[in-house]
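K.L.:
next input, structure requested:
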Amino acid sequence: MARTLKEAEEEISELKATIKELSLDDLTGLPLRRSFQSTVEREIPRCKRTKKSFSIFHIDVNDFKTVNDTHGHPAGDQLLVSIATCISETLRTCDMVARVGGDEFMIFTPDQDEKGARTVLNHLLQKFKEGEHKWPFFKGVAIGSSTFGKDGTSFQELYDKADKAMYAHKEASKKRA
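P.N.:
The predicted structure follows:
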């Protein structure tokens with residue numbers, strides 16, 4: 001019986017390690033979309049109960065396809081890792097950044113209202129501007145955000161709002177260029 005219990009514990013430990021491995025992006029080490037969405041969805045009832053806010057951000061790397069097509073996928077991978085590192089180093093330890101698509105990232109900032117979200121957004125944009133000279137082939141990012149309560153009360157509403165704001169930022173940047 002003890003041997004069977006020990007084997008079961010080892011199997012559970014291996015399964016936990018596999019689950020953790022599958023929930024992280026191989027390239028950046030960041031959580032994937034499912035983990036991000038689960039985190040946000042767990043926060044919604046708490047914020048409804050406490051009347052607090054949080055914000056999410058959707059980030060898209062501008063002209064990323066061109067980097068891969070012109071300079072190769074290793075250059076694109078290097079750029080993504082640099083961007084992921086920049087985002088992670090810019091945020092608070094309680095914030096979460098996830099890779100949710102090829103060149104897309106999302107950020108969750110608990111206890112962050114709309115004013116706080118603007119501060120985070122401006123800080124991120126400044127950090128990306130500083131990174132432009134360090135990262136070859138970098139053409140900037142488009143960022144959109146949404147705040148729980150103001151822009152929606154479900155993950156999908158918040159995601160849609162942040163996504164729409166990100167595309168508006170992308171279009172505005174193209175017009176300025």
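
K.L.:
quick one, strands of this structure?
P.N.:
Here the chain has its strands, by DSSP state E, at 54-61, 96-101, 104-110, 141-147.

K.L.:
any chance of TSV for those, columns mean pLDDT and distance to residue 79?
P.N.:
All C-beta spots, glycine's among them, are computed from the backbone N, C-alpha and C. Converted to TSV, these look like this (pLDDT from 0 to 100; distance: least, Cβ to Cβ, whole Å):
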stretch	mean pLDDT	distance to residue 79
strand 54-61	97	7
strand 96-101	95	13
strand 104-110	97	12
strand 141-147	96	11
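
K.L.:
save those as TSV, and put in distance to residue 30 and mean neighbour count too.
P.N.:
Below are the strands of the chain laid out as TSV (distance: least, Cβ to Cβ, whole Å; neighbours: other Cβ atoms under 10 Å):
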stretch	distance to residue 30	mean neighbour count
strand 54-61	12	25
strand 96-101	5	21
strand 104-110	7	22
strand 141-147	15	23
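
K.L.:
just put the ones you listed in CSV and tack on distance to residue 116.
P.N.:
Below are the strands of the chain laid out as CSV (distance: least, Cβ to Cβ, whole Å):
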stretch, distance to residue 116
strand 54-61, 7
strand 96-101, 15
strand 104-110, 7
strand 141-147, 8
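
K.L.:
so who does the residue nearest to the spatial centre of the chain touch?
P.N.:
Central residue of the chain (Cα atoms, centre = their mean): residue 106, 2.3 Å from the mean position. Counting by Cβ atoms under 8 Å, 6 or more residues apart in numbering, residue 106 touches 33, 36, 56, 57, 58, 59, 97, 98, 100, 162.
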